[in-house]
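S.K.: Sharing a sequence plus its predicted fold:
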2 protein chains.
Amino acid sequence: MSQWPIPKPMQAALNAARTAGDAGEVPVGAALVKDGEVIAVAGNATRTPPDPTGHAEMRVLRAGAEALGQDRLTGCDLYVTLEPCVMCAGAISHARIARLYYGASDPKGGGVEHGSRVFEQEQCMHKPEVYTGMGEEEAARLLRDFFKARR
Amino acid sequence: MSQWPIPKPMQAALNAARTAGDAGEVPVGAALVKDGEVIAVAGNATRTPPDPTGHAEMRVLRAGAEALGQDRLTGCDLYVTLEPCVMCAGAISHARIARLYYGASDPKGGGVEHGSRVFEQEQCMHKPEVYTGMGEEEAARLLRDFFKARR
């Protein structure tokens, strides 16, 4: 059990995950922070509108780039409820995210501490600092409940 | 030297790469094919509008999903001028692309035959058939000329 309150950006990401799940999307959420302020929040949205790249991380990176008017989000931090997949880890690197915080590990689909281990490859031009486990109980519970209800 | 004419979808991808380069974007292009017809073509666009995820493959997958009204592009083939990076390889897998054709290899940034080797990981839920080398001379020349002019 967490011994400290979950920081606001991760709370925002968890809320976005919950909203995504209520809409029938896989309940994963993300929040982007610049200078201590949340500048974008998004949940997964691959079905409506149909977008195979519509993971929470991708959507929040795109929104952040649009908001800041630049494709490199240098100095920004990303909070995600689940370990990013290879697609999202690659995007996080392209976007020059400074710090990545994620909740639950994802042995089946993760690309950070599993499988491709994107940030450890020599092809990776930028590696964020990575912090794991923040809010993981709630993040994992949302996913478990979502898939249990659909079985 | 290629002994056969470059198929139309790869010609379209090369043209999109050229257009991207003329606009100051890294000259990479992609084309999406369904039932033998090109349904979307795109070049890299990470600067205008600013989008760290704006690689040619991502843009053509998103356009294809929108055109077909579904996030899974089952049965579709993707033609790209350059070996996809991890981000794009992940997206290609999520989109359930049937066949991937690419031109030039990318030892510095590729994620298919280099580094992460995305499709060979057990976390990869869908692996396309992969064909390489089609149009690679022209694809590589576009990139070489682009970076030479900027040095």
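M.R.: Structure's in. What do you need? Numbering: from 1, shown residues only, chains lettered A, B, ... in the order given.
S.K.: Report the beta-bridge partners for residue A:102.
M.R.: On the basis of DSSP bridges, residue A:102 is bridged to residue A:80, residue A:132.
S.K.: Next, count neighbours for it.
M.R.: Counted with other CB atoms under 10 Å in any protein chain shown, the neighbours of residue A:102 add up to 30. Where C-beta positions appear, they are placed from N, C-alpha and C, glycine not excepted.
S.K.: Could you pull up the residues touching it?
M.R.: A:79-84, A:112, A:130-132, A:134 (CB atoms under 8 Å, 6 or more residues apart in numbering or on different chains).
S.K.: May I ask which of these comes out lowest in pLDDT?
M.R.: Among the contacts of residue A:102, residue A:134 carries the lowest pLDDT, at 93.
S.K.: Buried ones among the contacts of residue A:102?
M.R.: Among the contacts of residue A:102, those scoring as buried are A:79-84, A:112, A:130, A:134 (criterion: 16 or more other CB atoms under 10 Å in any protein chain shown).
S.K.: out of those, who's nearest residue B:5?
M.R.: For the buried ones among the contacts of residue A:102, the minimum distance to residue B:5 (CB to CB) is 40.8 Å, reached by residue A:84.
S.K.: Spit out the contact partners of residue A:99.
M.R.: Counted by CB under 8 Å, 6+ apart, residue A:99 has contacts A:77-78, A:128-131.
S.K.: Tell me which of these fall in strands.
M.R.: A:77-78, A:129-131 (DSSP state E).
S.K.: which residues of chain A fall in helices?
M.R.: Taking DSSP state H as the criterion, chain A contains helices spanning A:8-22, A:56-68, A:86-94, A:136-150.
S.K.: Between helix B:86-94 and the shortest one, find me the angle.
M.R.: Here helix A:86-94 runs at an angle of 160 degrees relative to helix B:86-94 (axes from the mean of the first three to the mean of the last three CA atoms, to 10 degrees).
S.K.: Can you spell out which helices and strands pack onto helix A:86-94?
M.R.: Where contact means 3 or more CB pairs under 8 Å, 6 or more residues apart in numbering or on different chains; DSSP states H and E, helix A:86-94 is packed against helix A:56-68, helix B:86-94.
S.K.: Touching, residue A:146 and residue A:21? I think so.
M.R.: Yes: here residue A:146 lies in contact with residue A:21, judged by CB atoms under 8 Å, at a distance of 5.0 Å.
S.K.: Now do the shared contacts for these two.
M.R.: By CB under 8 Å, 6+ apart, the residues touching both residue A:146 and residue A:21 are residue A:27.
S.K.: who touches residue A:122 in this structure?
M.R.: Residue A:122 neighbours (CB under 8 Å, 6+ apart): residue B:115.
S.K.: distance of it from residue B:148?
M.R.: 23 Å (CB to CB, to the nearest Å).
S.K.: Counting neighbours, what do you get for the closest residue to residue A:140 other than its chain neighbours?
M.R.: Leaving aside its chain neighbours, residue A:140 sits nearest to residue A:104 (4.2 Å; criterion: CB to CB, 6 or more residues apart in numbering or on different chains). Around residue A:104 there are 23 other residues, counting by other CB under 10 Å.
S.K.: Which residue would you name as the spatial centre of chain A?
M.R.: Chain A has residue A:80 as the residue nearest its centroid, 2.9 Å off, counting by CA atoms, centre = their mean.
S.K.: returning to what we had before: from what I can see the residue nearest to residue A:140 touches residue A:83, true?
M.R.: Yes: counting by CB under 8 Å, residue A:83 is a contact partner of residue A:104 at 6.7 Å.
S.K.: For residue A:108, grab the count of nearby residues.
M.R.: Neighbours around residue A:108, by other CB under 10 Å: 12.
S.K.: correction: residue A:11
M.R.: 17.
S.K.: Which residue is the nearest non-sequential neighbour of residue A:123?
M.R.: Nearest non-adjacent residue to residue A:123 (CB to CB, 6+ apart): residue B:115, at 3.8 Å.
S.K.: That neighbour: what's it in contact with?
M.R.: Contacts of residue B:115 by CB under 8 Å, 6+ apart are A:116, A:121-124, B:86.
S.K.: circling back: could you single out the nearest of the contacts of residue A:99 to chain B?
M.R.: Nearest to chain B, judged by CB to the nearest CB, of the contacts of residue A:99 is residue A:78 at 11.4 Å.
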